[in-house]
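Enquirer: just the structure for this:
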Amino acid sequence: MSHSKQFTLFSHKTGPNGWKVVFVLNTLGLEYETVYLNFEEVKQPAHTQYNPNGRIPTLIDHANGDLVIWESCAIILYLIERYDPEHKISVSDPNEKTQLVQWLFFQASGQGPYFGQVAYFKKLHPEKLPSVIVRYQDETRRILGVLESVLKQRPFLVGGKMTAADISFAIYNNLLYGKILDEGFNFEKEFPCTFVWHQKIIALEGVKAGLSERQRMVEEEEKNLIAASSA
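Expert: Numbers count the residues shown, from 1 in each chain. Predicted coordinates for the structure are as follows:
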């Protein structure tokens, strides 16, 4: 089976986790085609044949025997280990490699679930549960506090430079305003070092391009909803 691009990425137009992978693919200059699935389609056989967990993202590397990888941070690790020989956004020192993995685990087990739960209970859950929202917003601030405590001491998480570990945090931090924390949240004031770090990450060309594409899709979805409601 021939493919015009090296990678096929199964993702969602607005869901955060697929964009983490997009940022890394873009930054490494890798060619990929994205197949956007809705939340029902991710659990259908056409997708679960590749990812039995029925979640996105899922990546297929056609240049490596159609190898399938799922779980966003596992995909990121695969990409930097195989396709970043110059260590553009990775590290070569064994101890620093371990620290990079540590931060990817923290993003996947800490930032992603807690930030995601806030968004779910604020926007999607049919019953308003203020105490639940407050709990997860408190955890969101705790996660930001962990980052702040480290970024007070150094500009990046690992190796004194921008790596995939830093990039993995970008999409969820970009959704803090309104989506996760309330409108009065002041990122720069509450977590100044983390804010400066975040601005550096989203200024990276590969991240900037991904954020721009996601924003285009968000606006497209909003237009479709408006059109459907007025039909």
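
Enquirer: okay, now the closest residue to residue 162 other than its chain neighbours: neighbour count?
Expert: Distance criterion C-beta to C-beta, 6 or more residues apart in numbering; nearest residue to residue 162, sequence neighbours excluded, is residue 156 at 5.7 Å. (C-beta placed from N, C-alpha, C; glycine too.) Neighbour count for residue 156, taken as other C-beta atoms under 10 Å: 17.

Enquirer: next up, the contacts around residue 156.
Expert: By C-beta atoms under 8 Å, 6 or more residues apart in numbering, the contact list for residue 156 reads 162, 163, 166, 197.

Enquirer: these two touch, right, the second one and residue 99?
Expert: No: Residue 163 is beyond contact range of residue 99, at 9.5 Å (criterion: C-beta atoms under 8 Å).

Enquirer: output the below-cut-off pLDDT ranges for this structure.
Expert: Judged by pLDDT under 70, the chain has its weakly predicted residues at 1-2, 229-231.

Enquirer: element containing residue 10, please.
Expert: Applying DSSP states H and E as the criterion places residue 10 in strand 7-11.

Enquirer: coming back round to it: more neighbours, residue 163 and residue 99?
Expert: Under the criterion of other C-beta under 10 Å, the comparison of residue 163 against residue 99 puts residue 163 first, with 24 against 17.

Enquirer: and residue 132, how far is that from residue 142?
Expert: Distance, residue 132 to residue 142, using C-beta to C-beta, to the nearest Å: 16 Å.

Enquirer: who has more neighbours out of those two?
Expert: A count of neighbours by other C-beta under 10 Å puts residue 132 above the other of residue 132 and residue 142, at 16 against 11.

Enquirer: residue contacts, that one?
Expert: 117, 121.

Enquirer: how is this protein carved up into domains?
Expert: If you go by automatic domain parsing, the domain ranges for the chain are 7-87, 94-207.

Enquirer: name the residues of stretch 99-106 that are buried.
Expert: Judged by neighbour count using 16 or more other C-beta atoms under 10 Å, the buried positions of stretch 99-106 are 99, 100, 103, 104, 106.

Enquirer: quick one, what contacts residue 108?
Expert: Counted by C-beta under 8 Å, 6+ apart, residue 108 has contacts 71, 72, 73, 168.

Enquirer: wait, a helix at it?
Expert: Yes: with DSSP: H, G, I helix; E, B strand; the rest coil as the criterion, residue 108 is located in a helix.

Enquirer: how about the helices in this structure?
Expert: Assignment of helices within the chain using DSSP state H yields the ranges 16-27, 45-48, 72-83, 94-106, 112-123, 130-151, 164-168, 170-174, 187-190, 192-202, 205-230.

Enquirer: in the second one, which residues are buried?
Expert: Spelled out, that is helix 45-48. Residues of helix 45-48 classed as buried: residue 47 (neighbour count, 16+ other C-beta under 10 Å).

Enquirer: off-centre distance for that helix?
Expert: Distance, stretch centre to chain centre, for helix 45-48: 22 Å (C-alpha atoms, centre = their mean, to the nearest Å).
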